[in-house]
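Visitor: Turn this into a model:
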Amino acid sequence: MSLAKRATTILTVICLVAMLPARGLAQSESSQAPPSPPPPEGNLRMPESYVEKWKSTRTLGLSVAMNLTMTLFGRYIMKEPGDPAFVVTKDTIHDNLKHGFEYDDNSFSANNWRHPYQGAMYFGAARANGYDFYRSTMWSFIGSWLWEYTGEGHHPAFNDMVNTTVGGVSFGEVLFRFSQMITDNTATGSGRRWREVGGFLVHPLRGANRIITREAFERHANPEDRFPSYFGGEFRFGTQTFADDQIWDENLTKFFLSFNFAHGDPFHGGSLTPFEAFRFGIDLTFNNKPHGISRISFPGVIAGKTFGEKGGATHLLTLSQRMDYLDNEAYTFGGQQLGASLLSRGWKLGSVNARSEAHANWMILGGVSFGEVLFRFSRMITDNTATGSSRRWRELGGFLVHPLRGANRIITREAFERHANAGDRFPSYFGGEFRFGTQTFADDQIWDENLTKFFLSFNFAHGDPFQGGSLTPFEAFRFGI
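Guide: This next block holds a predicted model:
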């Protein structure tokens, strides 16, 4: 039996077992008691009682099931059946464990959007099973580690681990809370069913866990933190252009929908729990490349402390986490951040109530479209087959062009050991030009010292888009500085 058929059979059995009656398999219709009326609100079963037992087993099982689903999807739907990236065997797992981490060059959306979403599923599976925010971060890491070492045929990637684990924490908590708001454990009938479908679509692994534990079918109490102290949102639509040209130019102008939500109020009083207060934004842009999601952004408060309440003004010092994903035809940016913020409100400026915010963020891992250019230049400079002083100078040059790639080569010892170069280290074509001179920035005398600047100009051409065959991202580009 093929791997796909075996996985389908296993998932079918799991679903059938989840739908079985809670008491026994051999009850006849005549032996069943008549349905009892729903219990009063005060006597409803508490939600945490459904997940007290086997929580670790369910969380791990859901994470492994998701990894298996993604492997099969990548192998049989997204890729050709023989693609080595999704062919997982004992040999590939052993090779991954032996080789360790490297830095991969997957697409921007794969690294900065799909990997955080993947981590969000691991994190949410733990939250659905009763783990708190901090313990759930462990499951985001475990799920990511299992995927990198056992879910793919190619070697584990350091940047994937960071994006999946760290991005999965913030993304996962946001989706978990949205899904929790949609479902209503006290509802019945068609209203209950539609709410369960909605909650499942927002966070599939939370929805699957509710089916397994039968929370999705039984009437019981809602969690106390189901709704925030404040919830608001806005919706915008229109067109946006990515060039200094006519806004009606069809090739440059895109129609977009923008949604922004505010969940919770950091000034509501009391002790802030992680992501009790966060902002969430998403933009959908039509005919956008490579897909329709052009923005995802959510900063959330992990912890906060109020101080210095004087004259009606309130000040709040917070620790926050943020994920950003921007991808349109003008630029790309994605990253995971931790930060500290000073939030103040209630300032009196005459008759005006003012608010102020001051933020300091640390970018744990970020990426822009420029990163692929630097990565390819750095890889051209280093030579894994070189030895001696030549090797050391090449490693230094590659490090200066892309410091994190250089640091990763030191950690993995690629910088010291002689091994094969990447097959696409050099492009099919490479050329460049160098210019220097003076340039003036005003309609005035060119010899005016204050207006004229000396400049150096470097321009390079990497690859040839007409080379034939299938082009990989940034195989052909132009770079000028």
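Visitor: switch to C-alpha atoms for all contacts and neighbour counts from now on
Guide: OK.
Visitor: and N163, what helix or strand is that in?
Guide: helix 158-182 (DSSP states H and E).
Visitor: which parts of that helix are buried?
Guide: By 16 or more other Cα atoms under 10 Å, the buried positions in helix 158-182 come out as 159-182.
Visitor: Which positions within the next helix-or-strand element following that helix qualify as buried?
Guide: Of the helices and strands lying after helix 158-182 in sequence (DSSP H and E), the nearest is helix 189-202. Applying a neighbour-count criterion of 16+ other Cα under 10 Å, one finds R192, R193, R195, E196, V197, G198, G199, F200, V202 buried in helix 189-202.
Visitor: Burial check on H115, number of neighbours?
Guide: Residues near H115, counting by other Cα atoms under 10 Å, number 22.
Visitor: got it, and G480?
Guide: 11.
Visitor: Would you map the strands across the stretch 351-481 of the chain?
Guide: Taking DSSP state E, counting those that start in this stretch, the strands of the stretch 351-481 of the chain run over residues 352-368, 430-440, 452-462, 477-480.
Visitor: between those strands, which gets the lowest average pLDDT?
Guide: Among these, strand 430-440 has the lowest mean pLDDT, at a mean of 72.
Visitor: who does that strand pair up with?
Guide: Neighbouring strands of strand 430-440 in its sheet, by DSSP bridges, are strand 452-462 (antiparallel).
Visitor: Assign R75 to helix, strand or coil.
Guide: helix (DSSP: H, G, I helix; E, B strand; the rest coil).
Visitor: ignore the last one, A110
Guide: helix.
Visitor: Quick check, pLDDT for the nearest residue to A208 once chain neighbours are set aside.
Guide: Leaving aside its sequence neighbours, A208 sits nearest to F200 (Cα to Cα, 6 or more residues apart in numbering; 7.2 Å). In this prediction, F200 carries a pLDDT score of 97.
Visitor: and F200, what does it touch?
Guide: Counting by Cα atoms under 8 Å, 6 or more residues apart in numbering, F200 makes contact with S179, R206, G207, A208.
Visitor: Without its sequence neighbours, what residue ends up closest to the first one?
Guide: Distances taken as Cα to Cα, 6+ apart place G199 nearest to S179, at 4.4 Å, with adjacent residues excluded.
Visitor: hang on, that neighbour packs against R177?
Guide: No. With contact defined as Cα atoms under 8 Å, G199 does not count as touching R177 (9.8 Å).
Visitor: center of this structure - which residue?
Guide: P116 (2.2 Å; Cα atoms, centre = their mean).
Visitor: Which strand or helix spans it?
Guide: Using DSSP H and E, P116 falls in helix 115-128.
Visitor: circling back: next, report how far the helix holding N163 is displaced from the centre of its chain.
Guide: 7 Å (Cα atoms, centre = their mean, to the nearest Å).
Visitor: now do stretch 405-416
Guide: On Cα atoms, centre = their mean, the centre of stretch 405-416 falls 26 Å from the chain's centre.
Visitor: ok so, going back, tell me which other helices or strands the helix holding N163 touches.
Guide: Packing partners of helix 158-182 (3 or more Cα pairs under 8 Å, 6 or more residues apart in numbering; DSSP states H and E): helix 115-128, helix 133-146, helix 189-202, strand 293-310, strand 313-327, strand 332-349, strand 352-368.
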